[in-house]
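In: coordinates only, sequence not included:
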């Protein structure tokens, strides 16, 4: 309250009132004095009258003083009342202003809440213990098609819109709580007012008064229809993928089986090709012994015709022929063991494997004037299948000898170097036959790739050699051109 709003009886007016009271008392005393003086002038001879008038004057003075005193006390009491009234008026004005400010804040907060509630997509409500609704958000109409008034007037409507299959779940549900405190919603279906099916994610929690008494349930319902449709679509796609994967697995299994059959066929073809090489090598190995046997038979025939052969000479010639035959029989056993599959891996000497391989091709190489030079360590060992390893060396050495023969290389030479590198065995087989053409080199290990005529090669020898070394024995087989020839490196 402003200073101009003060009542007439304020602290400033108190002095004015006191002055008025004193002026009033003085005026009364003056009046009594004048009255007494007038009486004395009228009848100055009467002493008795003078005494009476004096007494009356004194009584008037006393009465005036007492009246002034009483008036002063009344003025003070009135002032206190006015001051208290002023204090209470100010306090009331402050309380009114505070309540007005609080009311404006509440109205503003309610307006903000209304705006938020109108914009919220979730259906929120507060249900009291007697199943009546204390609050329901406007989004209920958009979500269910029913108005707030319909839910407020029909408390069972919230149950009836839920599908019968999900109603029991809603009435008896309890929420699972994750480790992070997040409440897991329950999922249920409802029918809107126009008969549309919708999925809701429902979360609720109980509310208590400050005294700890139940105050109903606070619930939130989110429209998850699109999410469920996406889940259904994802499930259908997953099922389709499973069908496709199953079909793909079957096709892969069939393809793998076919590849295995092809590998077996290639292995068999490789063995047949190697067997052809072996037959050729056997022919070279047996050519000289057969010539020796022919010469022995001819000598026996000539001696018999001339009549100069004796029993001892006959026996000697027969022994020579039998020695040659036994050597040839041993050669057959060597070839048979050479192509026998090893069932288990074992440690074997690389130098012995190389020399054993050369025993089978030495005659063929000599017939083609190809010289073989071996160098390197003699105690290098490897762990794997010895016969398969020897077959790889046989294939590489035979190819080198064939190249030297086809290109008519003078002083043809095959160099074999045995060494150990990084705790593994390494065999280098090189020649001086001009090397492998650059456009052919990257493909020499491809299956069925060959530069020879169809009647002279199948193109699976080097492919199978690479399979044996790298897949069966965990090694590495590579090739490159070096110093006017080709070099193969076998690492196991």
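Out: Received the coordinates, thanks. Fair warning: this is a prediction, and the values are worked out from it, not measured in the lab. Residues are numbered from 1 along each chain as shown.
In: Buried residues, stretch 477-492. List them.
Out: Residues of stretch 477-492 classed as buried by neighbour count (16 or more other Cβ atoms under 10 Å): 477, 479, 485, 486, 487, 488, 489, 490, 491, 492. Backbone N, C-alpha and C define where each C-beta goes, glycine included.
In: ok, residues contacting that stretch?
Out: In this structure, residues lying in contact with stretch 477-492 by Cβ atoms under 8 Å, 6 or more residues apart in numbering are 382-384, 389, 392-393, 396, 400, 403, 421, 424-436, 438, 441, 444-445, 465-466, 469-470, 473-476.
In: 6 Å - rerun?
Out: By Cβ atoms under 6 Å, 6 or more residues apart in numbering, the residues outside stretch 477-492 that reach it are 382, 384, 396, 424-433, 435-436, 466, 469, 473, 475-476.
In: Okay, and which of the residues you listed map to strands?
Out: Members of those lying in strands (criterion: DSSP state E): 382, 384, 424, 425, 426, 427, 428, 429, 430, 431, 476.
In: Give me the buried subset of those residues.
Out: Those of the ones in strands among the contacts of stretch 477-492 that meet the buried threshold are 382, 384, 425, 426, 427, 428, 429, 430, 431, by 16+ other Cβ under 10 Å.
In: From residue 232, how far out is the third one?
Out: By that I understand residue 425. Distance of residue 425 to residue 232, computed by Cβ to Cβ, to the nearest Å: 62 Å.
In: In contact with residue 388, which residues?
Out: For residue 388, the contacting residues are residue 468, by Cβ under 6 Å, 6+ apart.
In: Tell me which helix or strand it sits in.
Out: helix 386-406 (DSSP states H and E).
In: Which residues does the helix or strand just after that helix contact?
Out: The helix or strand immediately downstream of helix 386-406 is strand 413-421, counting by DSSP H and E. The contact list for strand 413-421, computed with Cβ under 6 Å, 6+ apart, reads 350-351, 354, 371-377, 380, 400, 426-432.
In: picking that back up, of all the buried residues of stretch 477-492, which two lie farthest apart?
Out: 485 and 492 (22.9 Å; Cβ to Cβ).
In: Point out where the stretch 351-492 of the chain drops to low pLDDT.
Out: Along the stretch 351-492 of the chain, the parts satisfying pLDDT under 70 run over 448-460.
In: What separation is found between the N-terminal and C-terminal residues of stretch 156-167?
Out: Chord length of stretch 156-167, first to last residue, is 12 Å (Cα to Cα, to the nearest Å).
In: shaky segments in the stretch 201-350 of the chain?
Out: In the stretch 201-350 of the chain, residues with pLDDT under 70: 266-278, 280-282, 284-285, 288, 327, 331, 334-343.
In: can we see that at 90?
Out: 205-206, 210, 245-346 (pLDDT under 90).
In: quick one: pLDDT of residue 186?
Out: pLDDT for residue 186: 91.
In: Can you name the residues bridging to it?
Out: residue 202 (DSSP bridges).
In: Kindly report the same for residue 485.
Out: Under the criterion used (DSSP bridges), residue 485 bridges to residue 482.
In: Would you map the helices across the protein?
Out: 11-42, 47-119, 139-144, 148-153, 157-160, 164-171, 225-306, 311-338, 350-367, 386-406, 461-466 (DSSP state H).
In: Quick one, which of those gets closest to residue 128.
Out: Among those, helix 148-153 sits nearest to residue 128 (Cβ to Cβ), with 11.7 Å.
In: roughly how far apart are the nearest residue to residue 227 once chain neighbours are set aside and residue 186?
Out: Spatial nearest neighbour of residue 227, chain neighbours left out: residue 199 (7.4 Å); criterion: Cβ to Cβ, 6 or more residues apart in numbering. Applying Cβ to Cβ, the value for residue 199 to residue 186 is 11 Å.
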